[in-house]
Every structure is written in C-alpha cells, then in structure tokens.
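1. just to be clear, the model below is a prediction. Sequence and coordinates:
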Amino acid sequence: MTLEKTICVVVLTTLSLAAPAFGAGDPARGAQVFRACAACHSLEPGVHLTGPSLADLFGHRAGMTEGFLRYSEALRNADVTWNEKTLDAWIAKPQKLIPGNFMTFSGINDTQQRADLIAFLKAANAPGASSGAGMGGMMASPRLESLRDVEPQARVTAIRYCKDSYFVTLANGKTFPFWEFNLRFKTNGGPEGPAPSKPVILRAGMQGDRVSIVFANPDEIGKLIQKRCE
C-alpha cells in the first residue's frame, strides 16, 4: 500500500469514528431533554395537548397524526417522513426543515442532546413502552389536572358582566370581581374537563387576580354570563 493510500485510510477511519451516529444517544439523558417537550406533547396514542401525540412517530408522515386538527398548512403539505435523520433536522431547527410551521420551539443546537432525545423517543415508541412503564416511568405522558370533582370554592355557579368587570359567584356562595382583561374563558371537552354545566375557576398570578373559567363546551359560556349592573 502506498503512503498516499495509507494516509487516506487513516483519515477516513478517523472521520468515521468521529461522526455522530443515530441511535448512539442515551435514552435516560433524552428523558431529561424531553421534559421541555412534555408540556406540549404526549407520548400516548390519541392524547393530544398543544401539539400532537408523539406515539407511533417513526415511519409516519409529518402532519398526519390521526385526531390532531391544529396542524399548519406547511406541515400538512410537507413531504417529510419522521425518522432519525428528519427528526434530527427538525429538532435542530423546525423552521429550516419545514418553513412556515406553527412550532414556536426554536430548536436544539447541541448534537448530543438531539441524539439523546431521539434515542428516548425511539425507546418510548418501542413495543410495550407506550404505557409509560419503562425506564422508571419517565416515559409516562403528562396529564392535565382533573376538573371533574372540585371543591365548592372552585365551582362557578353564576357570572355577571358590568362595564369592564366580571363578577363570578362560586358554589360556596362567595362572589369575586375581576377586571375583564384578567379573565379568560376556556373549554375542555376531554375526560379531565369539568362536568357539563359545571364550570371551574382556576386562579393565576401572584395576587390571584388573573383567572380562567373552564367550561365543558363553548355553548355554556354565553348561557351563563348575564350582562347587568346592580
């Protein structure tokens, strides 16, 4: 073998050893990276949050998760199938892979973190792992707090609107005023949502001055609010 060929073999071998390989990530480390994703993505089939479920992810076309209705047109029309390579590009910079999508996540620059996350997602999608029993339960999907059985101080019985204020009466008989800009109306028709015609108030903000009232369906909102000043 000539000197030139020897040098070429050494260089190619060194590059091969140095190149990152898909599947070389650590699922346990990836579970920690996934914590940033868990607020928006479930790992259970059919359980959609802000984003679609990531169950059965590998080998499926982007923008085609059954039951998820909130895809951008860019994702629905993208000719992308999820595998280690496309996921690595997506996690690195979603807007570069599929411009115009609704993903607000800017991406992960760290190559090792991306490899770890992909390894975790592969483990989470392995047969028998969707229940969240694997890896010490780290793959369990996030759950919304149940609003079915709440205390009387969280159950809304009446809402009165006057000028710039809402007056919310609770099942314990107390009424609280809120500036209209600090009150949000939400719906949750899933199993964790409130029972029909039994909306629930959720407080936020340091002073409890910002609240959300969650209804079982949007039809209930207009029916409960009475516009009158006393």
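-> Noted; the coordinates are in hand.
2. surely residue 180 is in contact with residue 162?
-> No: Residue 180 is beyond contact range of residue 162, at 9.7 Å (criterion: CB atoms under 8 Å). From N, CA and C alone the C-beta is placed, and that goes for glycine too.
3. so if I had to pick from these two, which one is more boxed in?
-> Set residue 180 next to residue 162 and count neighbours by other CB atoms under 10 Å: residue 162 wins out with 14 against 11.
4. let me know the pLDDT of that one.
-> As summarised for this prediction, residue 162 has a pLDDT of 96.
5. same deal with the one 5 residues further on?
-> As summarised for this prediction, residue 167 has a pLDDT of 96.
6. now name the helix or strand holding it.
-> Using DSSP states H and E, residue 167 sits within strand 165-170.
7. what is that strand packed up against?
-> In this structure, strand 165-170 makes packing contacts with strand 156-162, strand 175-179, judged by 3 or more CB pairs under 8 Å, 6 or more residues apart in numbering; DSSP states H and E.
8. deepest-packed of those, please.
-> Counting by mean count of other CB atoms under 10 Å, strand 156-162 has the highest mean neighbour count of the helices and strands packed on strand 165-170, with a mean of 17.
9. quick one, it and strand 175-179 angle?
-> Interaxial angle of strand 156-162 relative to strand 175-179 (axes from the mean of the first three to the mean of the last three CA atoms, to 10 degrees): 50 degrees.
10. show me what strand 156-162 is in contact with.
-> The contact list for strand 156-162, computed with CB atoms under 8 Å, 6 or more residues apart in numbering, reads 166-171, 180, 198-201, 213, 224-230.
11. fine by me, thanks again.
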